[in-house]
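Trainee: have a look at this prediction, sequence included:
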Amino acid sequence: MRDYILLYVNGREQRISAAQAFQPASDYLRLDLGQCGTKVVCAEGDCGACSVMVGRLATEAGLEPGNELTYVPINSCIQYLYQLDCTHLITVEGLKFDGQLNPVQQSMVDSNGAQCGYCTPGFVVAMCGLANDLQSQQQCQGKTCYPSEKQVKDSLTGNLCRCTGYEAIINAGMAVDLGRYKSFSELYPDKEMVANFKAHAQNELMLKLGGRTAFNPTSLSSACKFLNEQEKVVIVSGGTDVSVNMNKRDLVPANVMSTAALPGLSELKVLDESGRKVLSVGAKVTLRQLENLMKDLVPEFHKILWVYGSPQIRHAGTLAGNIANGSPIADSTPFLFLMEAEIEVTGCGGVRKIPMAEFYKGYKQLSLHKDELITRILLPLPHANELVKLYKISRRQHLDISAFTAAIRISLKGNIIERAFVVFGGVGPVVMRCAAVEAALLGTTHELVTYEAAGKIAKEVITPITDVRGSRDFRLALAENILSKFYFETASNEREFACR
Amino acid sequence: MSIIETTKLGLVGKGLDRLDGPFKVMGKARYSAEFPAKKITYAVGVGADIANGKIRSINTAGAEAAPGVIAVITHKNRPPLVDGKTFAGGGAQGELRMPLADNVINHAGQYIAVVVAESLECATYAAHLIKAVYIEEDPVVVFDDKRAQRYPAKQWFGEAVTKNRGEAQTALLASAVSVDNKYRTPTQSHNPMETHATMAVWEGDKLTVYDATQGLYNTRKALALSFSVPESNVRVVCKYIGGAFGCKGAMWPHVLLTTLAARAVNRPVKLVLTRAQMFTNVGHRAETEQRVALGATADGAIQAIIHHGTSHTAVDGEFVEVFTKATPMMYASPNLSVSQDLVKLNKQMPTFMRAPGETPGMFALESAMDELSSAVKIDPVDLRLINYAKRDPDSGHPFSSKSLIQCYKLGAEKIGWNKRSATPGSRKEGDWLLGLGMASATYPTVHFNSMCNGLLKADGTFLFTSSTHEMGTGTCTVMSQIGAGRLGVPVELVTFELGDTDLPMAPISGGSATVGSAVDGAAVEIQNALSKQLSESPLSPFSGVPQEKIVVSGGKFTVVGKSETLSYVDALKLLKLPSLEVKYQTHFNDKAKSFSMHSFGAHFVEVKVDQDLGTVRVTRVVSVMANGRIANEKTCRSQVHGGVIMGIGMALEEATLFDSRSGRVVNRSLGEYYVSVNADIPPIEVHFIAETDKEINSIGAKGIGEIGITGVAAAVANAVYNATGKRIRHLPITADKLFV
């Protein structure tokens, strides 16, 4: 057992005892280390001002710890220190090249990208994360090359600015000469850190302060044992939801167990199960890793993952975490319902699989036993001839929580609907498959009137509420319209113009 | 006063990069929460759970016993404070009530205690342990609550709110065409990125306060008053502000609480507001409900304008969101009636938020103009040209400058206004309905008197100092440019220092006003002081030449007809001066001027609306602004950009929602109070119509921080109408409203 966190900040080793461990990384940086470049603006991962780069041993999808650090941008306000054991944080203060502004920083100055300056460090860090990725991917070393507008915009969807206007910032990103950009591993040689992390990773981390415990097990058996023996354990995976509740809703869990050090949960591969392709997603696979894979594998799911939170959230959050959080407006789960995914859970007694449709017993109520945790998700992939559409309706185009989600999957034989799956989120206490709508579609012709009729049924069978994201009536109307929209998007004929 | 003609400074100033950029991108710019202090302690404010009632009892035992806690202060043990004055009453306070004065609760989140501890974590944890028992009454948070006290708003900073010309109601009824509708704008929260932060350090009876504020001198005065120390004992420092938009203009109770706590524990205390507290403890833009009625002849000449309505104020104070402010001046109409009511609600005191008055007011007025345009079947731009006010119809004065016609014309050309179909809902692209809309923008130019010191050093560099504020607007950069422009020297030679009450007095950075005229005046003073001595000193080659014959051109003193020129350093050397220091104070009296002084502009907006989902996307914006001389093209453009983005947010996203049962803010986070993200923001083209304005001030510039937001929400709403045929009169325009 180990009673301190090992963390490097801008290349310097820090050992953090329990007295300091129960705080977000952003507070530790600002208050304990006096490095105030990292800003806390929303304290819930909704603005990116606290962005830092985190370097970890194992972040490549499907790979177990290698011999170098991989860096991704995260929101430090919702990363509590115990989640960051054996990592290297690079903050805005640690980005300079030989004491000079790095090309991203210089570009932000030249493009007038900083106004009040409070969001600036977060933008700079996120942009450096992009530059780091691109210069290694695109082999820009020594050549002149620049990020595209889309790359810059996509990398900054998690950063809010309230005064400059985004244009100057995006221009700054597009003007960064990647050929002059040095990777983080060049900036911070990682040999010593890697050796130190590996030496420490063998030892389970256990921190106790007052009545609170944080535990990072290094084996599943140890994890299950802890779950079995302790009361009210909160399992932290990416922490992008649990930490928000801790910051905002006074959630102070007595026992926290992080999955960070658990081995064998990073698998991400396509299995062939009697002709059907099934994706196996380990519990530690981040949403970003899944997003990257889905780009070619299931573009429709990629579309949803692309607008899921922000890059900083997706680099930390996991599919398993999104499932375990159990929100009826979770972005990833409608697709899992649609594809009849199975959740593999592990407990003291072994492994079992729970069909997605049986996983939730009520609002945020899971079919998990006390000693169990999610270890894998088995996600069947759509056949090429199935019509699959996913919808996320939110106020903003990025960085937003859904008001309503829908997932529709149709198999046709000729023009007759042979199989139908219709899933709605945000219309009740759990994400739900809508049997009545599916029944209405089955065996009917794939044409507008069918979907219009199904839409009317959808409206009858769901029970949405009114909240800050939308009214009950709005959600009812969406459930009705989305079926027609599905038809128009999957039918080849040009849409008739109709102004509702 | 001018030695050189203002126009020689150039109507559009160079787009100089901001001088503080490098500090900001390195994370080195030090904001108010980031100053260190020895033996620092942390304070956390505890807010009331109820919005109306009294504290029956408050149990602080658990908090006091928590590890690391140094003090817990409630109304039961609060040390005495001298009552302060509100901002409107000549003081600094956002609200009149002194914090922890008694057990009365007027709004949710009102401070009921402050906890001071050794660490932020200890203080936060202990704050959760404080348990109050309340005598709760039903809160009044909606306008139409019968219990709400309603009364007419009389004055706004000495100016009458009610205005009448002719017989508006009679003229309205007699008009060939009329529109008469109600518009509503919600409560909005400023939400600058930086939450308010204060650190107070007492050394004996000397006080230093690091505070995120737009009003350093006001804060100093207020603290001196409430803590009974001379103003000279109080120093307030604020070097950088992480955005403000008005919420850091007045002083809010946490500043008093922090200072009080620091005195009580005899150690420095730092208090940083949480994001949630930004919705309940630092003011907000008041909700409004506005009736705008316009009557016109069949050929579009407006005969009557009626603009009446209501905004809220707190139960224990008065703040008027003067949404009718621009209306009497905006369009020529022989008959006009404007007036406002106030309704007292259990919300905190509202305050100024970016373009107070004009922002909600122009939404209503410019939406109504669009409705009139449909009713009278005249293009919206043409309708505005028909009713163009060449003189201020309210005061009768000429405008010091007004280039609104050029704004309309250039904006229409750049957006491709001729593509617009007058029939709503008639353009589409796949599932999307397309629309174009426009609206006017305006904001008055106001001046507050200020001081600036100028220093010419032996090495030929200049230092200007004034205790104004760097809110992100680029004050340091632009003031250096103004000084350098007047002096005729490269800007690299000029430094401007701000953000400290040890420097000469500057007013609140608000109303789009800053200290440009004071800097300009100080630069002129340097020139005058040197030319006077060059004229008088026997050491000077211009000895005996009358001072007015000595001119400065391109940074050199010369006399017409003489070949000899002297730089500033040459002059110092010749006169055997080690350096030269001047003091300057402005003497504005806007009321004495017989000119009406306003900025004008026009926004043109293109939107698309998903016909199945009701989602609105703004796809293009063209904004044309006429703001006098543009001191720095880059920073001015950025102000307009920022204003337009906030306007798009206002149109589609922003609203602070109150639970009508509990009176609490429902969405007090950036996850649920929507601020536009980059994906929501389309390309925004900003154009300036350069104006020569010799009346307005010595530099010919009008403030530009606020006008950008005015009218944007109306332009979006008008475009949405053009796209869908649905007129949304209640912001924000959510899919919900469009479609259910």
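Mentor: Cool, got the structure.

Trainee: from the centroid of chain B, which residue is nearest?
Mentor: Centroid check for chain B by C-alpha atoms, centre = their mean gives B:R354 as the closest residue, at 3.8 Å.

Trainee: separation between B:K562 and A:F123?
Mentor: Going from B:K562 to A:F123 by C-beta to C-beta, to the nearest Å gives 54 Å. All C-beta spots, glycine's among them, are computed from the backbone N, C-alpha and C.

Trainee: which one's more surrounded, these two?
Mentor: A:F123 (31 against 12; other C-beta atoms under 10 Å in any protein chain shown).

Trainee: list the contacts of the more buried one.
Mentor: By C-beta atoms under 8 Å, 6 or more residues apart in numbering or on different chains, the contact list for A:F123 reads A:G48, A:S51, A:M108, A:G113, A:L156, A:N159, A:C161, A:I169.

Trainee: what ranges do the helices span in the stretch 151-300 of chain B?
Mentor: Remark: helices assigned in the stretch 151-300 of chain B by DSSP state H, counting those that start in this stretch are B:168-174, B:216-226, B:253-265.

Trainee: now A:I354: which helix or strand?
Mentor: strand A:350-355 (DSSP states H and E).

Trainee: let me see the contact set for whatever residue of chain A ends up closest to chain B.
Mentor: Taking C-beta to the nearest C-beta, chain B has its nearest neighbour within chain A at A:G37, 1.9 Å off. Counting by C-beta under 8 Å, 6+ apart, A:G37 touches A:T91, A:V92, A:E93, A:P121, B:M26, B:G27, B:K28.

Trainee: now do the SS call for the last one.
Mentor: For B:K28, the secondary structure call by DSSP: H, G, I helix; E, B strand; the rest coil comes out as coil.

Trainee: count the residues that sit near it.
Mentor: Neighbours around B:K28, by other C-beta under 10 Å: 16.

Trainee: excluding sequence neighbours, find me the nearest residue to it.
Mentor: A:G37 (7.0 Å; C-beta to C-beta, 6 or more residues apart in numbering or on different chains).

Trainee: can you pull the phi/psi pair for the nearest residue to A:T346 once chain neighbours are set aside?
Mentor: Nearest non-adjacent residue to A:T346, counting by C-beta to C-beta, 6+ apart: A:T375, 4.4 Å away. Per-residue torsions, A:T375: phi -120, psi -20 (degrees, to the nearest 10).

Trainee: and stretch B:188-204, which residues are buried?
Mentor: Neighbour counts over stretch B:188-204 (16 or more other C-beta atoms under 10 Å in any protein chain shown) mark B:188-202 as buried.

Trainee: among the residues you listed, which are in reach of chain A?
Mentor: Contacts with chain A are made by B:N191, B:P192, B:M193, B:E194, B:T195 out of the buried residues of stretch B:188-204, judged by C-beta under 8 Å from any C-beta of the partner chain.

Trainee: so how far is chain A from the closest residue to the last one other than its chain neighbours?
Mentor: Going back to what we said before, that points to B:T195. What sits nearest to B:T195 in space, not counting adjacent residues and going by C-beta to C-beta, 6+ apart, is B:L273, at 4.4 Å. B:L273 sits at a distance of 11 Å from chain A (criterion: C-beta to the nearest C-beta, to the nearest Å).

Trainee: isn't B:L273 right up against B:P192?
Mentor: No. Contact status for B:L273 versus B:P192: not in contact, 10.9 Å apart, counting by C-beta atoms under 8 Å.

Trainee: which SS class is the residue nearest to the centre of chain B?
Mentor: B:R354 - assigned by three-state DSSP - is coil.

Trainee: so what's the residue count around the closest residue to it other than its chain neighbours?
Mentor: Spatial nearest neighbour of B:R354, excluding adjacent residues (C-beta to C-beta, 6+ apart): B:F245 at 4.6 Å. Neighbourhood size, B:F245 [other C-beta under 10 Å]: 29.
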